[in-house]
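Student: what would the 3D arrangement of this be:
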Amino acid sequence: MEPTTPKLARRLWRAIEPIHAIAYFDPGPTDALKALGLRGFWMSYFAGRFAPLGAVGPGPATAMAFGFAPRRVARALPDAWHLVPPPAVVAERLASAGRALKQRLPATSAADLHELVDLLSVAASACRCDGRPLAAGWLEVDPGDDLLEILWTRTTVLREHRGDGHVLAAVNLGLGGLDASLTHVATGAVPRDVMQTTRAWTDEEWDEGVSRLQERGLLDGESRLTETGSEIRGQLEETTDQLATEPVERLGEVGVERAIELAAPLSRWLVDSGVVPSLNPIGVPRA
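Tutor: As a prediction, this is how the structure comes out:
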């Protein structure tokens with residue numbers, strides 16, 4: 001592996017993440033699933049994300065989502081599947097994400113969109129999904145012929161491939177879902193209130209997590225990363241990048257740079273126009 005490959009993997013993620021994230025932050029995709037019968041944002045979120053895996057229950061979904069309090073997931077699943085079956089959720093997720101991109105993206109030439117989709121399709125086809133259930137599920141989804149639905153699906157495969165790898169890396173370092181979130185907040189990339197509120201951890205659970213990491217020497221008395229904590233967080237990010245290199249290696253440096261060149265302006269537009277908020281629990285920097 002070339003030393004630049006993990007860095008390219010991170011840059012590609014930064015360039016495409018807001019395109020995927022439109023499914024969460026634009027109201028259209030959530031409203032579309034609610035119109036089918038799902039109840040509220042979080043039921044739509046979890047059903048929309050896990051539907052390719054079938055009628056998954058709260059235990060497996062919590063394990064895969066990783067950073068969420070179990071109660072948040074259990075309020076959505078399995079009830080969602082009694083209201084709308086997984087195949088219908090997948091179909092509407094694709095259609096509504098495509099509509100949101102059509103409405104929100106800046107004017108872009110058809111040639112550039114086709115080229116970007118072709119590049120990301122090649123990248124997604126290189127994703128090995130051993131131990132990566134979310135990536136495997138979305139890789140099996142056929143987005144049909146709509147260009148923007150294909151674009152959204154390819155970015156989703158790539159980001160879930162990276163996300164599954166992030167979970168593997170965190171567990172290998174002895175970090176649970178809350179632990180990883182606490183170290184993320186401690187970097188300053190995401191405010192506590194944003195992370196804690198969206199992930200539904202109580203103050204007691206949050207403070208217990210902080211105490212646990214302080215006992216391990218990862219956080220100091222003010223919940224900031226210690227030197228050891230910074231090293232662990234750095235290892236987590238580096239390993240996440242390393243585990244996301246297969247698509248980059250398949251595309252090659254020239255292909256990745258071209259994909260970034262095409263995708264980054266779209267993602268910047270989504271952030272700068274306020275569709276994807278700059279302060280969000282994903283914590284992805286502006287492309």
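
Student: so where do the helices sit in the stretch 151-287 of the chain?
Tutor: Per DSSP state H, counting those that start in this stretch, the stretch 151-287 of the chain has helices spanning 177-186, 192-199, 203-215, 227-242, 246-272. These are given in chain order.

Student: what stretches of the protein score poorly on pLDDT?
Tutor: Low-confidence segments of the chain, defined by pLDDT under 70: 1-3.

Student: for Gly188, see how far away the residue of it positioned farthest from its centre is.
Tutor: Most distant from the centre of the chain: Gly221, at 30.6 Å, with distances by Cα atoms, centre = their mean. Distance, Gly221 to Gly188, by Cβ to Cβ, to the nearest Å: 17 Å. C-beta coordinates here come from the backbone N, C-alpha and C atoms, glycine included.

Student: again with Asp112
Tutor: Taking Cβ to Cβ, one finds Asp112 at 35 Å from Gly188.

Student: looking at the two, which one has more neighbours?
Tutor: Asp112 (14 against 10; other Cβ atoms under 10 Å).

Student: is it true that the more buried one touches Glu261?
Tutor: No: look at Asp112 against Glu261 with Cβ atoms under 8 Å: they stay out of range, at 9.4 Å.

Student: identify the residues contacting Asp146.
Tutor: By Cβ atoms under 8 Å, 6 or more residues apart in numbering, the residues touching Asp146 are 94, 98.

Student: go with 7 Å
Tutor: Asp146 is in contact with Gly98, counting by Cβ atoms under 7 Å, 6 or more residues apart in numbering.

Student: contact partners for Leu158?
Tutor: Counted by Cβ under 7 Å, 6+ apart, Leu158 has contacts 16, 120, 123-124, 247.

Student: can you list those residues in JSON lines and add distance to Arg154, neighbour count and secondary structure?
Tutor: What follows is the contacts of Leu158, written out as JSON lines (distance: Cβ to Cβ, whole Å; neighbours: other Cβ atoms under 10 Å; DSSP: H, G, I helix; E, B strand; the rest coil):
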{"residue": "Ile16", "distance to Arg154": "8", "neighbour count": "29", "secondary structure": "helix"}
{"residue": "Leu120", "distance to Arg154": "4", "neighbour count": "25", "secondary structure": "helix"}
{"residue": "Ala123", "distance to Arg154": "7", "neighbour count": "26", "secondary structure": "helix"}
{"residue": "Ala124", "distance to Arg154": "5", "neighbour count": "21", "secondary structure": "helix"}
{"residue": "Pro247", "distance to Arg154": "10", "neighbour count": "28", "secondary structure": "helix"}
